Structures are given as structure tokens and as C-alpha cells.
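Q: what's the 3D shape of this:
(chains A, B, C and D)
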There are 2 protein chains.
Amino acid sequence: MFTDLREEAVQPELNARQQEILDFLVRTIRERGFPPTFREIAEHCGFRSTQAVSRHLEALEKRGCIHRESGARTIRLANGLLEESDSTEPVRMVPLIGEVAAGRPILAVEDIEDRLPVRQDWLPVHERSFFLRVRGDSMAEGIQAGDLVLVDPGVRVHRTEIVVAMIEDEATVKRFYPEADRVVLRSDNPAYADIVVSRDFRVVGRVSALIRKYR
Amino acid sequence: MFTDLREEAVQPELNARQQEILDFLVRTIRERGFPPTFREIAEHCGFRSTQAVSRHLEALEKRGCIHRESGARTIRLANGLLEESDSTEPVRMVPLIGEVAAGRPILAVEDIEDRLPVRQDWLPVHERSFFLRVRGDSMAEGIQAGDLVLVDPGVRVHRTEIVVAMIEDEATVKRFYPEADRVVLRSDNPAYADIVVSRDFRVVGRVSALIRKYR
DNA sequence: TTGACAAGTGAACGAATGTTCACTAGAATC
DNA sequence: GATTCTAGTGAACATTCGTTCACTTGTCAA
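A: Down below sits the predicted model:
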């Protein structure tokens, strides 16, 4: 019973063989455009029987990694396994949020206006990064109303860097000056006064890039 | 001989049947993840023989629409046919030029530092558009040294718009104020004096967007 | 009319392919 | 030590699947 419990917990993990076969499936489908036959899989693994392949595929199907129909070359990858290629691919579609709504997860699907392409090797982004359209009243120098800023949540923010902060349910773009027991949010433009906050705010993320459209 | 010539010219076109089969191939591969068999194609077209399918596929292969290997379900679509779905969301790779060199075509291959993805439906670009890295001494307000500006050559430029102009073999980013027999290039920043030019310059293109990386 | 050609039928064939069954070897469990 | 489980072998089998051949039908040009 004890071991049963532990094995249940380990179930989602994949065997070394199963992983090897799954990788081979992904690679073959990507390169040749159609799945391999049992014998091609066997040859790749060094098997001399198709029976071993059959059982491994059965296991992979039981864990939801693949789907199968009857017939030759009818292995289909589960959702997400083929699209995983996007993590390899240098261009990632980053969502654009028009406005950060209060009390909702930032990346709520309903709030995604659009998606813009970003080359990951040129401008590092991660799963939770997003573009935010800057409102008129929250500018740092060189940032104008209507600009799109790329926000990276969960990234360590250093002094003087530009951040997006939520203050009273509104997103603001300012420079970040942490102090002993408070934080000063400053605009590069001296016409705007500093904003001093202590607890009633939270940093959404660091601004790592900007896009502006003219006309 | 006359008809021969005409048939030669029509060759790249696809038959109604061939188009039907090609569409079926694309749809099947997209939905099921692997190509159909000859008999599945026959059933879809209403054929009662696989021979018809065989000849149509042969024609499709001869025209470069598909590739085939021996074996079951080994039809692969030619490049571009599967990605045609991307044409719904066209991302174009726009070259990035570090510096506009004098006396050379702007888009000389050797000068292309990189390529950045742009969604055409979101930000119109054309064949000759490129990104230019802004030098330190040619700023308009809201544009900083190191920013990348998207330049559209061959687009009609209107008064007050931002342009990239070549002045004495150097690229400059300024606002465009045409007058009777001369052109004033003005920086939004009043610290920079106007540049008045008459003949010794040329407008490279209109600035339609800007990208800035922080850090 | 004749001939050429493209399109499709029908059946048969053989190779490719997934499935099944009996068996072996090793490791873990009782 | 006996049992169970996993992993793999080897061969035989039935089906699927692409290929081939002979034949029919309709169209178009000479």
C-alpha cells in the first residue's frame, strides 16, 4: 500500500524508453511530416521486435502523450507536444493587454487584445511576459501615451529601472527607487511629482522594451 | 504547336480535382496529424478506385505540391502549403541596419545585422522597409540613442512627420518641414538647432515605428 | 470517322504494417 | 525460493495499403 501510493505519485513521469520514443515521434513528424511505423521506431531504439514498441506506445497513450487510430502511421501527438517547438523557435507571440483590470489575473484571456511577435534570442521574454499600452498620465521620459511597454513579471527589479506598478487598481509606469520602509516611484519628467508608496501597491514587473507606432 | 505553347503556360495551374485533393490533404494533416491513405482520398472524392488517386497524386508531385516516399501515408506537403495558415497572421522578418553606409544600396546584404519579426496586419511594412539604429546626435523627442526606428522608403512623407534623411553621407532622424525651395529638418528638442537643407540631402524614408530595449 | 488523351473502374497482387501468441531474462516483491 | 512485473525476442498472421494491368467512357482535334 505504501509503495502503491508512491507509484501513483510517480505516474505522470515518463520512462527513459518512453521519453526516447516520444522524442523520436516529435522529431520524425517535424522532419518528415508523418509519423514513423512500428518498425522504424524499433530500429531507432535498437529493438528487434515490434512488440516492445507496441507496449511502449500503449503506455504513452495511457498517459495521454499520444493518440492512436487503427491503420499504418496513425500516431498523433497530444496537444502541446508539437507546439512545444515554439520554445525552440526564436519567435514567440507575446500577448498585448490594453489595460490591467483590478482584481483579475493580469493575463486573463478575455483581456488579451492581440499578440505581437518577439524574437526570444534578441529580447528575452518568458511565459508571463506581456505588452501593456501606456495610459496618458503615467510617463517616464522617452515613453509616450499609446506606447506599448514589454513587461516581465517575476523578474528581479533593480533601483532606477522602469517598472509597471499597480497603485489603487491602476497601472503606472515609473522608475523604481526602493528605500528603507517605502518606495519612491519617480517620473523622468520633473513636471510630475514623485509618488511615495508603502504598502498599497505592488510591482507588476520590469519594463524591458518599448514599441511605438507613428501615425 | 500553338496549343502546345498555351498548355505550357497553363501548367502551373491546378486541376479542379487536384485542388480538391490538395485541400483534402491539407485539411486531413491539420486535423488528424497524419496524411490520408489512397482509399480515404478516393472515398472523399467519390472514386471507386485508387488508381485515379494515384494518378492525381502523381500530377501533384510533378508540380511540386507534394513529396512522396514509399510506404503507407507518406505524403508530405511542399513548403509553404502547411504554413499557409500563417498567412492569416503574417509575420515578416524585417532587416536591421546598424548604420547607413554612404554610396551603397541601403539594404546591402552585408549591412544586415539581424532580422526582427513584424506582424504586417498590425504594422504595415513592405519589401524595402528596415530597422535603423539611431545614432546619438540625431534625436527627436521620445527617440533616444540606441533606439531602433522602422523606416519605410518610398512612402509619401507629410509635413511634421519623422523621417530619416541622409545629410553628407550620414543618416539623421528629424521631423520634416518642407518649404518653397528648401527643407527644414527640426528636432523636437529645442536644444538642437534646425537643419536647413536644399539639395545636398535625400529623404530615405518615413519613420513608422520605434523599438527600444531597456538594459 | 479516327486517333489521342485524360479520367475513372475493377480486380488482383505483393509489400508494408499493426497485432497476437508463446517464450526468455532480469529485477523487485512477498 | 516462489511469484509477480517489466522489458524484450521471434515468428506467424491478418489487414491495410500502394501498385499494376486491362478495360471503359467521354472529350477534343485532325
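
Q: pLDDT below threshold where in chain A?
A: A:1-13, A:79-80, A:82-89, A:100-110, A:136-141, A:199 (pLDDT under 70).

Q: quick one, helices of it?
A: A:2-10, A:16-32, A:38-45, A:50-62, A:85-88 (DSSP state H).

Q: okay, these in JSON lines with distance to DNA strand C next?
A: (Glycine included, C-beta is placed from N, CA and C.) Converted to JSON lines, the helices of chain A look like this (distance: least, Cβ to the nearest atom of the strand, whole Å):
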{"stretch": "helix A:2-10", "distance to DNA strand C": "5"}
{"stretch": "helix A:16-32", "distance to DNA strand C": "11"}
{"stretch": "helix A:38-45", "distance to DNA strand C": "3"}
{"stretch": "helix A:50-62", "distance to DNA strand C": "4"}
{"stretch": "helix A:85-88", "distance to DNA strand C": "23"}
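
Q: Can I get stretch A:55-69 in PDB, CA atoms only?
A: Written as PDB, here are the backbone C-alpha positions of stretch A:55-69 (Å, rounded to 0.1, in the frame of the first residue of the first chain):
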ATOM      1  CA  ARG A  55       3.700  -1.800 -25.400                       C
ATOM      2  CA  HIS A  56       5.600   1.400 -25.100                       C
ATOM      3  CA  LEU A  57       3.200   3.200 -27.300                       C
ATOM      4  CA  GLU A  58       0.300   1.800 -25.300                       C
ATOM      5  CA  ALA A  59       1.900   3.300 -22.200                       C
ATOM      6  CA  LEU A  60       2.400   6.600 -23.900                       C
ATOM      7  CA  GLU A  61      -1.300   6.600 -24.900                       C
ATOM      8  CA  LYS A  62      -2.400   5.700 -21.400                       C
ATOM      9  CA  ARG A  63      -0.600   8.800 -20.100                       C
ATOM     10  CA  GLY A  64      -2.200  11.000 -22.700                       C
ATOM     11  CA  CYS A  65       1.000  11.800 -24.600                       C
ATOM     12  CA  ILE A  66      -0.300  10.400 -27.900                       C
ATOM     13  CA  HIS A  67      -3.500   9.300 -29.600                       C
ATOM     14  CA  ARG A  68      -3.800   6.400 -32.000                       C
ATOM     15  CA  GLU A  69      -6.200   5.100 -34.600                       C
END
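
Q: Tell me which residues are up against it.
A: For stretch A:55-69, the external contacting residues (Cβ atoms under 8 Å, 6 or more residues apart in numbering or on different chains) are A:11-12, A:14-15, A:17-18, A:21-22, A:25, A:38, A:41, A:74-78, A:81, B:32.

Q: do that again at 6 Å, thanks
A: A:Arg17, A:Gln18, A:Ile21, A:Leu22, A:Thr74, A:Ile75, A:Arg76, A:Leu77, A:Ala78 (Cβ atoms under 6 Å, 6 or more residues apart in numbering or on different chains).
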